[in-house]
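J.: Next come a sequence and a model predicted from it.
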Amino acid sequence: MFFFAYFSPMFRNLYRKSFEYDQIIKLWLGPKLLIFLMDPRDVEIILSSNVYIDKSAEYRFFQPWLGNGLLISTGPKWRAHRKLIAPTFHLNVLKSFIDLFNANSRTVVERMRKEGDKEFDCHDYMSECTVEILLETAMGVSKSTQDRSGYEYAMAVMKMCDILHLRHTKVWLRPDWLFNLTKYGKDQIRLLEIIHGLTKKVIARKKQEYKSGKRNILHDTEQSSNAKTAKVTFGIFSRSRKKSVIYHAHCFQITSVEGLSFGQAAGLKDDLDVDDNDVGEKKRQAFLDLLMEAGQNGSVLTDEEVKEQVDTIMFEGHDTTAAASSFFLSVMGCHPDIQEKVIQELDEIFGDSDRPATFQDTLEMKYLERCLMETLRMYPPVPVIARTINTDLKLATGNYTIPAGATVIVTTFKMHRQPHIYPNPEVFNPDNFLPEKTANRHYYAFVPFSAGPRSCVGRKYAMLKLKIILSTIMRNFRVKSDIKESDFRLQADIILKRAEGFKIRLVPRKRAATTA
Ligand code: HEM
């Protein structure tokens, strides 16, 4: 995930050069062998594996911040914690968050309305909004007890990412003893105080609630009936296993199910894809509630482990989504014709009503979803994924074996822009995600959330939340951009961003905010 940073100064050259190759790049950095993969058949081998799950050494810079949380841990600890945490992001749990997604989306609409017709950076708004949503949903901290610490937290995270980026790019900042002596080392201590300050506060409050006997029970509202409707309407999976023209033996043709892909290529399944009804009443707890229970008397999780997981979810859950939503808005501003289609679809769903979005509505936002997937294709918030290989790895695309000890980098950004996979890859085209297009593509040709056993645990949460935030914004504003998409300056450090900031302007479509 953090490898782009490595190459930042030489990134442009390397990226340009990489188009001379469309499968594998091998690079020696001193004694270190790096292998870049960009063919879906090879990517499948690594991402679908239960063996090659170890993160690369560079993730260690995150340890003071995220400890040994889900993103970094490995082996039995990772397996046990993943099994514990994944059910807290299943669809039935997420559906109970819809009211909170709506309420926070309306809040951000009203905040952004104050910008008038000025150009501004929407990322700050998206960042604060996603932190507040995480606090209210996964962490179960009610709005009434929140202060501006969400904003402070988001800003501290941004600065921490800058420091980590520097540690990846400046060799002399890599050894801890030297780093600790620098200004950046001191800044890191201060920033971690803010970041951990928030997570400690959240945990302490939850513990207090637990002591006083308060438990959060998640309620199904419209959801169970909608789940049934969704099954009737969209229950048309065709699992005919035909050979694909391009990817022989590796690709099965599958009719994609619009509205239910949750950012995943059609046909890919992981531990989040249980049937809605598989998640029984007992397991239906939000993330921190479940952790609290598991942490009782340190039986399943120690206090330190609870803190590591809270820090991990707070980071992974906010910066990625803030980047995705900011790219989406930026791109809408650059393509008025596409934006009009999104607006038309929303008008068809909501008419003149200011009512909040329901789960069923999100399933009907098919064109918006295609635009979101296309945004994640062209601007994957996590542009690369890195693994350390502990046993030799035989690739699918040729007679190559990667030796144990090498670092393998899945170059999601590059793979998503391969012309033989996506014709005209530099052009934003939501039709790339029409069912007939996805049906003929290799599953692993679209992996913004990674895939397989270590795929993003928040994938469905992210897609549902993004659809509600973005549809609420587009129901209230038209987005304009004074900068052309081809002039976006991409900065690929920890999370992919626009170096110049996510500059947009908003033109109100309605005067007042939507009502609850
Ligand atoms: C658009 C939004 C998001 C994108 C693009 C994204 C992408 C990713 C990717 C690519 C990975 C694999 C990283 C790697 O192997 O290095 C990952 C892992 C992870 N993500 Fe996300 N993510 C998003 C949102 C979220 C949200 C909302 C949450 C939680 C609320 C979350 C929690 C996690 C966690 C805990 C992991 C580690 C999983 C494991 O190793 O078992 N992510 N994400």
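T.: Cool, the structure landed. Numbering: from 1, shown residues only.
J.: mind showing which ranges of the stretch 201-350 of the chain have poor pLDDT?
T.: Applying pLDDT under 70 to the stretch 201-350 of the chain picks out residues 214-261, 266-267, 274-284, 297-299.
J.: Residue numbers of it in contact with the ligand?
T.: Neighbours of the ligand within the stretch 201-350 of the chain, by Cβ under 6 Å from any ligand atom: Thr312, Ile313, Glu316, Gly317, Thr320, Thr321, Ala324. Every residue, glycine included, has its C-beta placed from N, CA and C.
J.: Going by neighbour count, which of the residues you listed comes out on top?
T.: Highest neighbour count within those, by other Cβ atoms under 10 Å: Ala324, with 29 neighbours.
J.: my read: that residue touches Glu374, true?
T.: No. Using Cβ atoms under 8 Å, Ala324 is not in contact with Glu374; the gap is 11.5 Å.
J.: Can you list the residue ranges for helices in the stretch 101-250 of the chain?
T.: Counting by DSSP state H, counting those that start in this stretch, the stretch 101-250 of the chain has helices at residues 122-136, 149-169, 176-181, 183-211, 223-234.
J.: An error on my part: the question was meant for the stretch 251-400 of the chain.
T.: Under DSSP H, counting those that start in this stretch, the stretch 251-400 of the chain gives helices at 287-295, 303-334, 336-350, 359-364, 366-378.
J.: who wins for proximity to Phe36 among those?
T.: Nearest to Phe36 among these is helix 366-378; the distance by Cβ to Cβ comes to 18.4 Å.
J.: Just the CA atoms of the closest one, as PDB, please.
T.: Written as PDB, here are the backbone C-alpha positions of helix 366-378 (Å, rounded to 0.1, in the frame of the first residue of the first chain):
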ATOM      1  CA  LYS A 366     -26.900   2.300 -11.000                       C
ATOM      2  CA  TYR A 367     -25.300   5.100 -13.000                       C
ATOM      3  CA  LEU A 368     -23.900   6.800  -9.900                       C
ATOM      4  CA  GLU A 369     -22.400   3.500  -8.900                       C
ATOM      5  CA  ARG A 370     -20.800   3.100 -12.300                       C
ATOM      6  CA  CYS A 371     -19.300   6.600 -12.000                       C
ATOM      7  CA  LEU A 372     -18.000   5.600  -8.500                       C
ATOM      8  CA  MET A 373     -16.500   2.400  -9.800                       C
ATOM      9  CA  GLU A 374     -14.900   4.300 -12.700                       C
ATOM     10  CA  THR A 375     -13.500   6.800 -10.200                       C
ATOM     11  CA  LEU A 376     -12.000   3.900  -8.200                       C
ATOM     12  CA  ARG A 377     -10.600   2.500 -11.400                       C
ATOM     13  CA  MET A 378      -8.800   5.700 -12.500                       C
END
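J.: Can you give me the buried ones in it?
T.: Residues Tyr367, Leu368, Glu369, Arg370, Cys371, Leu372, Met373, Glu374, Thr375, Leu376, Arg377, Met378 are the ones in helix 366-378 that count as buried (16 or more other Cβ atoms under 10 Å).
J.: Switch the residues you listed over to a markdown table, and while doing so, append distance to the ligand and pLDDT to every line.
T.: Output for those, formatted as a markdown table (distance: Cβ to the nearest ligand atom, whole Å; pLDDT from 0 to 100):
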| residue | distance to the ligand | pLDDT |
| --- | --- | --- |
| Tyr367 | 19 | 97 |
| Leu368 | 15 | 98 |
| Glu369 | 13 | 96 |
| Arg370 | 15 | 97 |
| Cys371 | 14 | 98 |
| Leu372 | 9 | 98 |
| Met373 | 11 | 97 |
| Glu374 | 13 | 98 |
| Thr375 | 9 | 98 |
| Leu376 | 6 | 98 |
| Arg377 | 11 | 98 |
| Met378 | 13 | 98 |
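J.: Quick check: the gap between the residue lying closest to Gly69 once chain neighbours are set aside and Ala138.
T.: Once flanking residues are discounted, Gly69 sits nearest to Thr312: 3.1 Å by Cβ to Cβ, 6 or more residues apart in numbering. Using Cβ to Cβ, to the nearest Å, one gets 11 Å for the distance from Thr312 to Ala138.
J.: Show the contacting residues for Ser105.
T.: Cys129, Ile468, Ile469, Thr472, Ile473 (Cβ atoms under 8 Å, 6 or more residues apart in numbering).
J.: need the residues of the stretch 351-500 of the chain near the ligand, please.
T.: Within reach of the ligand by Cβ under 6 Å from any ligand atom, the stretch 351-500 of the chain has these residues: Pro381, Val382, Ile385, Pro448, Phe449, Ser450, Arg454, Cys456, Val457, Gly458, Tyr461, Ala462.
J.: sorry, back to before: closest to Asp361 out of the contacts of Ser105?
T.: Ile468 (8.6 Å).
J.: Name the nearest residue to that closest one, ignoring sequence neighbours.
T.: With Cβ to Cβ, 6+ apart as the criterion, Ile468 has its nearest non-adjacent residue at 4.1 Å, and that residue is Phe101.
J.: In this model Met463 seems to touch the one you found, though I could be wrong.
T.: No. With contact defined as Cβ under 8 Å, Phe101 does not reach Met463; the gap is 11.3 Å.
J.: tell me the contacts of the spatially most central residue of the chain?
T.: What sits nearest the mean C-alpha location of the chain, by Cα atoms, centre = their mean, is Thr320, with 4.6 Å. Listed by Cβ under 8 Å, 6+ apart, the contact partners of Thr320 are Pro381, Val382, Cys456, Gly458, Ala462, Ile495.
J.: Could you report the distance from it to Thr130?
T.: The value you get for Thr320 to Thr130, if Cβ to Cβ is used, is 9 Å.
J.: cool, Leu272 as well?
T.: For Leu272, the distance to Thr130 (Cβ to Cβ) stands at 19 Å.
J.: Neighbour count for the two, which is higher?
T.: Between Leu272 and Thr130, Thr130 has the larger neighbour count (other Cβ under 10 Å), namely 28 against 21.
J.: what separates the residue in the chain positioned nearest to the ligand from His123, distance-wise?
T.: Here the chain gets closest to the ligand at one residue, Gly458, 2.1 Å apart by Cβ to the nearest ligand atom. Computed as Cβ to Cβ, the Gly458 to His123 distance reads 19 Å.
J.: How is Leu506 assigned, secondary-structure-wise?
T.: strand (DSSP: H, G, I helix; E, B strand; the rest coil).
J.: Contact partners for it?
T.: By Cβ under 8 Å, 6+ apart, the neighbours of Leu506 are Met112, Arg113, Glu115, Asp117, Phe477, Arg478, Val479, Lys480.
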